[in-house]
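>>> Dropping a prediction and its sequence here:
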Amino acid sequence: MGARLLDGENAKADEYALDLPRSALAELKYNNLTEVIDDFKKLTGEYPLKAELPELDDYHPNKIQCSYSRVCAFTRRLENTLAVSVVRRLGEISQLGLIVLIYPTATHTRLEHSLGVYATAVSYCNALWNDPINPLFKQLMTPAHLRTLLCAALCHDIGQYGLAHDFEEAKKSVFDHTRLTIKVLTDGVVYKSLHDVLKNEWKVDPQKVANILATNPNNLDQPITDRLLHTVIDSPIDADKGDYLVRDSRKLGLSYGEGIDLERLVSCLTVTFRKEDDNRIFISAGVTEKGKIAAEAFGFARYALFGSVYWHHTSRAMKSMLHYAIWEILPSESDISAHMEFSRKFEDFVLNKLQEKKEEQQDFDFMTPPKLPYAAQLSQGDQQILKWLHRITTDAGKDLISLMLSRQVFKRLMVVSHAKEPDLWLELKNIRNLFINFKDFLDFQKIFQRMLIQEITSINLDEILDQIPMASVLKKSEIEEIKAMQGLKKVLVTIDIPFARPGTTVPLQYLSEERVKGKRLIGKVASLEDSIVWQAISTRFVESVGKARIFVHPKYAKYFEILIPHENLVRKLRAAEEELKIEIARRNK
């Protein structure tokens with residue numbers, strides 16, 4: 001407190017505290033005597049936090065079960081927030097989308113998850129406020145800050161729509177749900193009911209809620225308090241992961257999330273920071289060393305769930321089919337105006353749904369329901385977005401969506417992992433990076449399919465029976481079908497090479513034992529990057545989990561498997577790469 005009272009004019013060594021630089025102390029200076037008195041009360045335990053913020057009261061008379069292990073105070077303003085239509089609609093959107101076609105119990109919704117994140121944020125707030133090691137959170141935060149944080153946790157997914165993460169993976173700049181979240185939180189005219197609850201009942205400025213969600217903790221020009229609060233919702237051990245890793249595991253009957261000792265982690269939460277070269281600080285929610293193992297469990301659970309659920313081979317097959325259908329109708333990035341117009345129309349379409357409007361824009365409506373197979377497991381929100389895509393995509397895209405909903409998912413033809421074929425895996429990764437433009441990658445797949453079909457249709461089945469006995473199950477008539485499919489521009493082959501998914505741009509930091517002696521904070525921050533477990537999981541995530549795969553149409557999978565050996569597939573991939581590079585060079589002349 002004494003260091004902050006000097007308004008950043010600190011000069012002598014004994015005028016600093018917690019190793020905070022002068023620039024940080026200047027930003028965190030007191031504005032009036034009331035703030036100083038409040039901080040004294042916080043330190044003495046006289047500050048009436050739970051009277052100011054009853055949501056943090058574990059003994060509130062009204063409760064709501066927010067997650068498997070978290071029960072929260074069910075205050076009137078929380079109840080009224082959940083009654084707002086733009087929040088209620090999250091109950092129509094599944095948390096895991098198409099994964100319900102693989103794991104039938106994956107039926108939980110974004111509304112359940114949002115409540116779980118809110119409940120976990122309540123626990124984090126209580127823990128950080130009562131941190132016995134570092135008083136910084138308690139000193140910096142007011143009830144207004146914490147109310148804003150809880151609203152940000154509750155509304156962090158308010159711009160979600162059906163299959164949002166799958167669409168974002170196809171083209172983030174067009175389908176980004178975070179952009180829609182910020183728009184809802186900053187448009188007080190269209191979303192008046194939500195803004196009224198936030199302003200009048202929570203006493204929170206919706207713009208400040210949006211600021212917390214949009215803050216980049218690595219941008220040291222942004223306010224220290226916003227950066228710290230952001231890491232409660234987005235960091236290696238954030239409240240978001242604290243809910244979905246456990247919830248997804250339990251709903252799917254998997255044990256990976258059970259390995260997260262959330263109670264231990266919460267009891268070890270603290271504020272960590274480090275001085276940068278320009279004498280400013282990077283600040284984040286972190287843990288003491290006692291919570292290091294619990295923090296590493298977050299990384300392992302995420303790794304395990306990506307390997308067995310989120311990037312399950314059938315999930316990746318469906319993503320590859322969905323992305324193909326999306327890329328078929330997205331305007332080229334070189335046509336900036338058309339690309340921006342499509343993005344605007346999509347945003348309007350989703351926001352109309354958020355507003356529950358009856359009128360829809362042409363080509364983005366549901367006036368004539370498309371003929372689609374009915375997948376009863378999919379949520380209403382997921383079905384809506386697939387109907388929209390089916391309406392506007394090409395015939396090839398329509399076929400892919402229909403096959404997917406009929407559970408006729410493309411089959412694996414080739415799988416390349418970093419562990420077994422590191423050189424080929426790296427080569428395929430470089431191909432994906434080379435054709436990072438979605439139109440180029442789509443053309444690459446089309447060229448590759450044409451080459452494979454040319455090889456299959458050039459084979460005389462009678463002549464190869466001695467060399468390939470399995471060819472006896474193949475039919476000449478179906479080979480002719482495959483040839484005809486190419487002429488009809490049907491999709492028989494897709495390629496999936498996932499990009500890295502770091503999960504957060506914030507490093508996980510912990511206070512080493514040397515910094516915590518006698519319940520005092522001393523020394524410097526040590527990074528959890530020193531942990532072999534965390535480093536292996538976080539820095540080599542895509543190498544460990546991400547596999548490059550070629551998928552083929554289920555009806556004709558055996559023809560590709562039997563007639564095209566692995567080495568020929570690799571040769572065709574390289575040939576397709578070279579052909580497309582020549583074509584791109586020709587177009588760019």
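Received the coordinates, thanks. Numbers count the residues shown, from 1 in each chain.

>>> to the chain's geometric centre, what's the distance from the lengthiest helix in the chain?
Of all the elements of type helix in the chain, the one with the most residues (DSSP state H) is helix 566-587. Relative to the centre of its chain, helix 566-587 is centred 32 Å away, using C-alpha atoms, centre = their mean, to the nearest Å.

>>> Extract the CA atoms of that helix and return them as CSV.
C-alpha atoms of helix 566-587 as CSV (Å, rounded to 0.1, in the frame of the first residue of the first chain):
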residue,chain,number,x,y,z
HIS,A,566,1.0,-46.3,-49.6
GLU,A,567,4.0,-45.3,-51.6
ASN,A,568,1.8,-44.4,-54.6
LEU,A,569,-0.4,-42.2,-52.3
VAL,A,570,2.7,-40.3,-51.2
ARG,A,571,3.9,-40.0,-54.8
LYS,A,572,0.5,-38.6,-55.9
LEU,A,573,0.5,-36.1,-53.0
ARG,A,574,3.8,-34.8,-54.1
ALA,A,575,2.7,-34.6,-57.8
ALA,A,576,-0.5,-32.8,-56.8
GLU,A,577,1.6,-30.3,-54.8
GLU,A,578,3.9,-29.6,-57.8
GLU,A,579,1.0,-29.3,-60.2
LEU,A,580,-0.8,-26.8,-58.0
LYS,A,581,2.4,-24.7,-57.4
ILE,A,582,2.8,-24.4,-61.2
GLU,A,583,-0.9,-23.4,-61.5
ILE,A,584,-0.6,-20.8,-58.8
ALA,A,585,2.6,-19.4,-60.4
ARG,A,586,0.7,-19.2,-63.7
ARG,A,587,-2.3,-17.4,-62.1
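
>>> That one: which residues count as buried?
Residues of helix 566-587 classed as buried by neighbour count (16 or more other C-beta atoms under 10 Å): 569-570, 572-573, 576-577, 579-580. Yep, even glycine has a C-beta here, placed from its N, CA and C like the rest.

>>> and if you look at stretch 64-84?
Neighbour-count burial for stretch 64-84 flags 64, 66-67, 70, 72-75, 77-78, 80-82, 84 (criterion: 16+ other C-beta under 10 Å).

>>> Nearest to Asn588 among those residues?
Val84 (50.1 Å; C-beta to C-beta).

>>> For that closest one, give me its contacts.
Residues near Val84 by C-beta atoms under 8 Å, 6 or more residues apart in numbering: 193-194, 197.

>>> Any chance of TSV for those residues, columns distance to Tyr161, secondary structure and neighbour count?
Conversion of those to TSV gives the following (distance: C-beta to C-beta, whole Å; DSSP: H, G, I helix; E, B strand; the rest coil; neighbours: other C-beta atoms under 10 Å):
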residue	distance to Tyr161	secondary structure	neighbour count
Ser193	19	helix	15
Leu194	16	helix	23
Val197	22	helix	22
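
>>> Among those, which one sits closest to Arg274?
Proximity of the contacts of Val84 to Arg274 was ranked by C-beta to C-beta; the top entry is Leu194 with 36.9 Å.

>>> any idea how far that closest one lies from Pro206?
7 Å (C-beta to C-beta, to the nearest Å).

>>> can you list residues touching both of the two?
In the contact map built from C-beta under 8 Å, 6+ apart, the residues linked to both Leu194 and Pro206 are Leu185.

>>> Quick check: Leu492 touching Met451?
No. Using C-beta atoms under 8 Å, Leu492 and Met451 do not qualify as a contacting pair, with a distance of 11.9 Å.

>>> Can you work out which residues contact both of the two?
By C-beta under 8 Å, 6+ apart, no residue touches both Leu492 and Met451.

>>> Tell me the first helix or strand C-terminal of the lowest-mean-pLDDT helix or strand in the chain.
Within the chain, confidence by mean pLDDT, DSSP states H and E is lowest for strand 526-527 among all helices and strands, at a mean of 48. Past strand 526-527, heading to the C-terminal end, the next element that is a helix or strand (DSSP states H and E) is helix 532-539.

>>> what packs against that next one?
For helix 532-539, the contact count by 3 or more C-beta pairs under 8 Å, 6 or more residues apart in numbering; DSSP states H and E identifies helix 292-305 as packing neighbours.

>>> Show me what the helix it packs on is in contact with.
Where contact means C-beta under 8 Å, 6+ apart, the residues beyond helix 292-305 that reach it are 236-237, 241-242, 245, 248-249, 254, 256-257, 259-262, 264-265, 268, 287, 503, 508, 510, 528, 531, 533-534, 537-538, 541, 544-545.

>>> Mark which of those residues are buried, thanks.
The neighbour-count test (16+ other C-beta under 10 Å) marks 236-237, 241-242, 245, 248-249, 254, 256-257, 259-260, 262, 265, 268, 287, 503, 508, 510, 528, 531, 534, 537-538, 541, 544-545 as buried among these.

>>> Helices along the stretch 151-300 of the chain, start to end?
Assignment of helices within the stretch 151-300 of the chain using DSSP state H, counting those that start in this stretch yields the ranges 164-170, 172-175, 177-186, 192-196, 206-214, 224-233, 239-252, 262-267, 292-305.

>>> ditto for the stretch 1-150 of the chain
In order along the chain, the stretch 1-150 of the chain carries the following helices (DSSP H, counting those that start in this stretch): 22-27, 33-44, 49-52, 76-82, 85-88, 110-129, 136-140, 143-155.

>>> Could you say which one of those comes nearest to Phe349?
Among those, helix 85-88 comes nearest to Phe349, with 15.3 Å by C-beta to C-beta.

>>> which residue packs closest to Tyr244, ignoring adjacent ones?
His113 (5.9 Å; C-beta to C-beta, 6 or more residues apart in numbering).

>>> And the residue lying closest to Gln380 once chain neighbours are set aside, how far from Phe175?
Spatially, and ignoring its direct neighbours in sequence, Gln380 is nearest to Glu92 (4.5 Å; C-beta to C-beta, 6+ apart). Using C-beta to C-beta, one gets 18 Å for the distance from Glu92 to Phe175.

>>> And for Gly162?
11 Å.
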